[in-house]
Each structure stands twice: as structure tokens, then as C-alpha cells.
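S.K.: Provide a 3D model corresponding to the input given below.
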Amino acid sequence: MAWLPGSFLCQTLLGFISISAPGLAVVVKVPAEPLSTQMGTTVELTCSYSTSVGVNFALEWSFVQPGKPISASHPILYFTNGRLYPVGSMAKRASLLQNPPTEGVATLKLSDVQPSDTGTYLCQVNNPPDFYTNGLGIINFTVLVPPSSPLCSQSGQISVGGSAALSCSSSKGVPRPVYKWVHVGASPTPSPGSMVQDEVSGQLILTNLSLTSSGTYRCVATNQLGSASCELTLSVTGRSESRVVGAVIGVLLGVLFLSVAAFCLIRLQKERRKRPKETYGGSDLREDALAPGISQQTSAPASSGTGLLQRPLSASTVATTKSKLPMVV
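M.R.: Below is the predicted model:
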């Protein structure tokens, strides 16, 4: 072997040592396919390893939420120095299938799984001086959830010749539910060309509506765990009915307007009748008016109690009155 290059000889020797000497490499095995189970059940995330367990042996399970890098993982439990330490939000539900995990089995048991448990799980084994591999296994796990009761709604012009959009959606469901609309009841089913539905979005489009389009429509949301449904009633109105309704509304509005106008007119006339008459015509003569040139003091009214005639004016009074009148030369 003297003719072999030095670098090649060193590599050959290291390879021979790694094969012949036990415990120089940690090998971790986990399922290659993603795992899934129904919400509320118990799952076993299988993890096995091969190494010679020593005093520095350590095992750690950690979790990464969907869409985040492995560096963002947080621990679930770890085993070191002969003791098991569950940590984090899953501490009460996480355990090991074999405890202590020193015989090559590091399987994780997780009870009462919830939708928030969906993500990536890391099984990592460290056993210094085994440093040739990182001893890491990765498992993708999904919690399955049946569809929740969907919500049905409608929009559009619900009249003959118009179009309507029926919508259906479930807030929960893993895997994502598919939706199917059916026309139920004794009424005739609309023609296939007037019904277009999207099983992914849960929308049903009805075009060229007719009176036969009226009836009950049911939406069924389905995934591999089950199904749930909701219903709504579609009432299509005819064009003649729409015109009649519009005419009736117009007549009612007209009658209401005339009633308000008549009420205001009657009230205005009543207010005018209550006002006193304070104006007099130019040819009217008031009984208490005084003649020109005669003062109010000189016109002594007769006593209504005695019934006597007014006494004639004295000579002095006439003279005084005359003196006050202007003289014309």
C-alpha cells in the first residue's frame, strides 16, 4: 500500500474505523410520509435510533408551527441525565412510549390532539462522542377536523330573468371541505345550464331565473371526516307582480301626500277664523267718532241709566269751542 497517496490512505483508514468501531455515528429513523389523525385522539410519532448509549446521551422532541423555519422550534420534552422533562404548552399531553428511552426507541405519544398541534416535529438524539451525524428526524403531522356547520347566504336580483348568487362556507374543516349545492323539495329543478357551482369556494350562480327556480337549496360541506349542511329558501318574483307592487306603493304615497296637504289646509283656515277683524272700510262711520273741531272733553255722553237727553251746550262752551277753530279771512 506504499504507492497510495497520503490523503486517500487517511480517508480509507477513517472509513475503516467508523465501520469497525461501534457507536461513532447516531442514526435516527422516522416515517417518511406525513402523519395525520382526528382531533381529540392520541397519536404516536414513531422515532428510533441506533447508537451505544453513554452517560452523555440526550433526547429532545421539539415542535415547529406550519410555515416557520426549523430554527423557530420550541421544545416539547427532553431526556438527559437519566430524567425526563416535559416542557411547554404540550407538557401535560406529551410523553414517551418507552421511559427511559435508552433502548433505541424514542417514540412520542401526544394525547387529545388539537388543531393547534398541526406542524413539524423534530426528534433529535445526541450521544457524544458520536459526532458524524446530527441525529435528527423530521415528522410532518396534521390534525384532521370535520367541517363545521356552514353558513348559507344569497345575493342578486331575485326576479324573473335576473341572476342570484348563493354562498356557502364552513369556518372549520381539515382538510378543507368541498361544497355541493342541491335543489330540494317538490318543485322542478332548474335546468343544468342555469346552475353553475364552484365546489372549492362554495358558490352557486343561478342565471335567467324563472318561477321554477324558487324553492329550497341545500349546501353540503364534506371532507374525509364527515359532512355538515345548511339550507335557504329562494323566492323568485314575476315581472307583473313587481309592477303591481310598484303601482300600489305609488298610490299609497299619493294618498298620503293628499291627506297631509288637506290637513294643513284645514288647520290654516281654522287659525284664520280665530283672528279678530281690526280693519274698517273707508265709508264706514264709527258711532263713537267725534265731529271735526270738537274735543273729547266737550262731548259729554248721556247717562245710560237715566235715559235723559243730552243737555244743550252753554253759551260759554260754544264760545270756547269757536275760539279754538281757525278763522278764515
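
S.K.: My reading is that G67 is in a helix; is that accurate?
M.R.: No: G67: not assigned to a helix; according to DSSP: H, G, I helix; E, B strand; the rest coil it is coil.

S.K.: separation between it and Y85?
M.R.: Going from G67 to Y85 by CB to CB, to the nearest Å gives 28 Å. Quick note: C-beta positions are derived from backbone N, CA and C, even for glycine.

S.K.: Same check on G137?
M.R.: 20 Å.

S.K.: More neighbours: the two, which one.
M.R.: Taking neighbours as other CB atoms under 10 Å, G137 and Y85 compare with G137 leading, 21 against 12.

S.K.: That one sits in which helix or strand?
M.R.: Per DSSP states H and E, G137 falls inside strand 136-144.

S.K.: V260 now?
M.R.: Using DSSP H and E, V260 sits within helix 239-274.

S.K.: Return the set of buried residues in that helix.
M.R.: Residues of helix 239-274 classed as buried: none (neighbour count, 16 or more other CB atoms under 10 Å).

S.K.: same deal with stretch 125-141?
M.R.: For stretch 125-141, the neighbour count (16+ other CB under 10 Å) marks 125-127, 130, 135, 137, 139-141 as buried.

S.K.: Quickly check the residues you listed for the two that are furthest apart.
M.R.: Spatial extent of the buried residues of stretch 125-141 (CB to CB) is set by the pair D130 and F141 at 26.9 Å.

S.K.: For F63, list the residues it contacts.
M.R.: By CB atoms under 8 Å, 6 or more residues apart in numbering, F63 lies in contact with 73-76, 88, 90, 119-122.

S.K.: distance of it from V28?
M.R.: 17 Å.

S.K.: right, and the helix or strand after the lowest-mean-pLDDT helix or strand in the chain?
M.R.: When each helix and strand of the chain is scored by mean pLDDT, DSSP states H and E, helix 6-20 comes last, with a mean of 38. Proceeding N to C from helix 6-20, the next assigned helix or strand is strand 27-29, under DSSP H and E.

S.K.: Quick one: mean pLDDT for that following strand?
M.R.: What strand 27-29 shows for mean pLDDT is 93.

S.K.: Likewise for stretch 201-208?
M.R.: The average pLDDT within stretch 201-208 is 94.

S.K.: Go ahead and confirm V160 touches G238.
M.R.: Yes: contact criterion CB atoms under 8 Å: V160 and G238 qualify, at 5.2 Å.

S.K.: Now for those two: what residues contact both?
M.R.: Common neighbours of V160 and G238, counting by CB under 8 Å, 6+ apart, are L211.

S.K.: So if I had to pick from those two, which one is more boxed in?
M.R.: Between V160 and G238, counting by other CB under 10 Å, V160 is the more crowded of the two (17 against 13).

S.K.: Show the backbone phi and psi for that one.
M.R.: phi -60, psi 130 (degrees, to the nearest 10).

S.K.: Do you know the pLDDT at it?
M.R.: We have a pLDDT of 90 for V160.

S.K.: What ranges does the stretch 151-300 of the chain have for its strands?
M.R.: Using DSSP state E, counting those that start in this stretch, the strands of the stretch 151-300 of the chain run over residues 151-156, 164-169, 178-184, 195-198, 203-206, 215-223, 226-234.

S.K.: who's in contact with L122?
M.R.: Contacts here follow CB under 8 Å, 6+ apart; on that basis L122 touches 60-64, 70, 73, 136-139.

S.K.: Setting aside sequence neighbours, what's the nearest residue to it?
M.R.: Residue nearest to L122 in three dimensions, not counting chain neighbours: S62, with 4.6 Å by CB to CB, 6 or more residues apart in numbering.

S.K.: picking that back up, how about the contacts of F63, which pair is most distant?
M.R.: Greatest spatial distance among those (CB to CB): G88 and T120, at 14.8 Å.

S.K.: which of these two has more neighbours?
M.R.: Each of G88 and T120 has its neighbours counted (other CB under 10 Å); T120 has more, 19 against 14.

S.K.: dump the residue contacts of the more buried one.
M.R.: By CB under 8 Å, 6+ apart, T120 lies in contact with 63-64, 66, 70, 73, 138-141.

S.K.: pretty sure it belongs to a helix, no?
M.R.: No: counting by three-state DSSP, T120 falls outside a helix, being strand.

S.K.: Run through the protein and note the low-pLDDT ranges.
M.R.: Across the chain, the ranges flagged by pLDDT under 70 are 1-24, 131-132, 186-193, 239-248, 275-329.

S.K.: swap the cut-off to 90 and go again
M.R.: Low-confidence segments of the chain, defined by pLDDT under 90: 1-26, 51-56, 88-89, 127-135, 156-159, 161, 184-195, 208, 210-214, 237-329.
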